[in-house]
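> Sequence first, then the predicted structure, then my questions.
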Amino acid sequence: MLKDRYGNELGTQSAAARDAYVRGADSLMAATPGTDHAFAEAVAADEGFALAHISLARAKQLMGRGHEAKVPRARALELAAGASPREQSHIAIFDKILTGHGEAALAAIKEHLKTWPRDAMAFAPATSVFGLIGFCGRVGREQEQLEMIAPLEQHYGDDWWYRTQLAFAQIELGQFAEGERNIETALAGFPRSAHASHIRGHLFYEVGEREAGLAFLNDWMKDYPRDGLMHCHNSWHQALWSLETGRIADAWRIYNESLRPGAAWGPQVNVATDCPAFLLRAEMAGEPRKPELWRELAEYSTQWFGKPGLSFVDMHTVLAYAMAGDVDKLAPFTDSPRGSAGDMVPPMARGFKAYANGDYKTAATEIEPLLATHERLGGSRAQRDLLEYVVASAKLRGGGRDEARSFIEYRRPRNAKVGGFPLAGL
């Protein structure tokens, strides 16, 4: 019986199908280009290989091409009856994810891992800040994430993918020494993992090493193709560090070449969240507002995320609408919010609208109470820092420089230690 890289038996007798599947799995977990092509090769080598079909569907979903996932998903379900118990369970997990049943999928993953703890592909959707726990909307979900990942160390050892996910969970909780050991182990095991490089970047961010972080990502990204899944988001990190270190022209070049709609290659969710986050940070850093870019983002948000549902994305959608002055489109997000942290979206919308209009007292009043539990929104701490800096900027622009400085020193003490804040006038 042929097996995958983790020793799980596969429902194919074709070595070519097995090899292509393993390449696809590694590509998916490292965010290297060609994930969908590898799984398609596995299907072509053995059309009856159910796991290859469901994996192809998952790859299409992650790439923001969910409409292309329908056919391979349907074929996987047709073939599932003849698959092994592990593969049947695996397929059922991804079917729940592909059809939007996140909580049911998470419960199924937890049950699945009791019997097949080294089924990394099935485990993966429950990891990371964009995973099923990341977007669950619960207070304490960062700790919940670590508590799910850490006990499986006995099954994975120094596997590069596992160490990547363990490191991210630790870094998000401020366990920087542990996170550094694990992310360095991950990079040593698979140096071209875009997820690992991304998480190493987060560690640089969290400890305030802007110059070192920028140098690391600039060097790493030289050989990372534009069609890699993480190209847009890693470019966002480069753009922010360029902005914060005074390389303003570089920051805008990266935005125009790798982030903005029509230029970025990557899932729509990255474009719709990274672009508003950059533009607002640029403005808070002293750059003039660029209404045409905000209007472009508002149009993009309407095209892809015009209805509320995923709170982390909704946060950036209402930001784009507010800064573009497209306030009529805020109504669904303020009047009928949805999603696991939907209750947090209306005050963000009101706060962003106030900030856009220069009503800084209202902006701070609306957004500051959200900071105590903003982990509920999902995403990383680095991404949710946007809210921290909006409040600080509102206090600063409202005439409270000392208050703004005390606030951000309390919320982001490591920035105070390294000196300098990405806010003009602070």
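Nice, I can see it. Bear in mind that the values here come from a model prediction, so they are computed numbers and not experimental data.
> Quick check: closest non-adjacent residue to Gln61.
Ala69 (5.1 Å; C-beta to C-beta, 6 or more residues apart in numbering). For glycine as for every other residue, the C-beta is placed from the backbone atoms N, C-alpha and C.
> just Arg18 next, same as before
Per C-beta to C-beta, 6+ apart, closest to Arg18 is Leu2, 4.4 Å.
> surely the one you found meets Leu10?
Yes - contact criterion C-beta atoms under 8 Å: Leu2 and Leu10 qualify, at 5.0 Å.
> intersection of neighbour lists for those two?
Arg18 (C-beta atoms under 8 Å, 6 or more residues apart in numbering).
> just to revisit the earlier point, tell me the confidence at the residue nearest to Gln61?
On pLDDT, Ala69 comes in at 97.
> Quick check: Ile109 vs Ala341, distance?
21 Å (C-beta to C-beta, to the nearest Å).
> what does His37 give?
36 Å.
> For stretch 382-402, C-alpha coordinates in PDB please.
Extracted C-alpha coordinates of stretch 382-402, given in PDB (Å, rounded to 0.1, in the frame of the first residue of the first chain):
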ATOM      1  CA  ALA A 382      -0.100  42.400  13.400                       C
ATOM      2  CA  GLN A 383      -3.200  42.800  11.300                       C
ATOM      3  CA  ARG A 384      -5.400  43.800  14.200                       C
ATOM      4  CA  ASP A 385      -2.800  46.400  15.200                       C
ATOM      5  CA  LEU A 386      -4.700  48.500  12.700                       C
ATOM      6  CA  LEU A 387      -7.300  49.100  15.300                       C
ATOM      7  CA  GLU A 388      -4.700  50.000  18.000                       C
ATOM      8  CA  TYR A 389      -3.200  52.600  15.700                       C
ATOM      9  CA  VAL A 390      -6.500  54.000  14.600                       C
ATOM     10  CA  VAL A 391      -7.300  54.700  18.200                       C
ATOM     11  CA  ALA A 392      -3.900  56.200  18.900                       C
ATOM     12  CA  SER A 393      -4.100  58.300  15.700                       C
ATOM     13  CA  ALA A 394      -7.500  59.500  16.600                       C
ATOM     14  CA  LYS A 395      -6.300  60.600  20.100                       C
ATOM     15  CA  LEU A 396      -3.300  62.300  18.500                       C
ATOM     16  CA  ARG A 397      -5.300  64.100  15.900                       C
ATOM     17  CA  GLY A 398      -7.800  65.100  18.500                       C
ATOM     18  CA  GLY A 399      -5.100  67.000  20.300                       C
ATOM     19  CA  GLY A 400      -4.100  64.400  22.900                       C
ATOM     20  CA  ARG A 401      -0.500  63.700  22.000                       C
ATOM     21  CA  ASP A 402       0.500  62.600  25.500                       C
END
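> about what we covered before: could you check the distance from the residue nearest to Arg18 over to Gly11?
Relative to Gly11, and taking C-beta to C-beta, Leu2 is found at 9 Å.
> which of these two has more neighbours?
Applying other C-beta atoms under 10 Å to Leu2 and Gly11 shows that Gly11 carries more neighbours, namely 21 against 16.
> Shouldn't that one be within a strand?
No - applying DSSP: H, G, I helix; E, B strand; the rest coil, one finds Gly11 to be coil, outside a strand.
> Make sure it is actually in contact with Pro85.
No - counting by C-beta under 8 Å, Gly11 stays clear of Pro85, with 10.8 Å between them.
> Could you check what's spatially nearest to Val139, not counting adjacent residues?
Thr373 (5.3 Å).
> let me fix that: Ala349
Closest to Ala349 by C-beta to C-beta, 6+ apart is Val318, at 3.9 Å.
> what do you get for Tyr162?
Excluding the flanking residues, the one nearest Tyr162 by C-beta to C-beta, 6+ apart is Tyr156, at 3.6 Å.
> Got the phi and psi for the one you found?
phi -110, psi -20 (degrees, to the nearest 10).
> thought it was touching Gln165?
No - counting by C-beta under 8 Å, Tyr156 does not reach Gln165; the two are 9.3 Å apart.
> hmm, back to that, settle it for me: which of His37 and Ala341 has more neighbours?
Ala341 (25 against 15).
> which one is that one nearest to, not counting chain neighbours?
Per C-beta to C-beta, 6+ apart, closest to Ala341 is Ser311, 3.8 Å.
> Please work out how many residues are found near that neighbour.
Residues near Ser311, counting by other C-beta under 10 Å: 24.
> and if you look at Pro288?
7.
> residue contacts, it?
Pro288 neighbours (C-beta under 8 Å, 6+ apart): none.
> Which positions within stretch 77-91 qualify as buried?
Within stretch 77-91, the residues that qualify as buried are Leu77, Leu79, Ala80, Ala83, Arg86, Glu87, Gln88, Ser89, His90, Ile91, counting by 16 or more other C-beta atoms under 10 Å.
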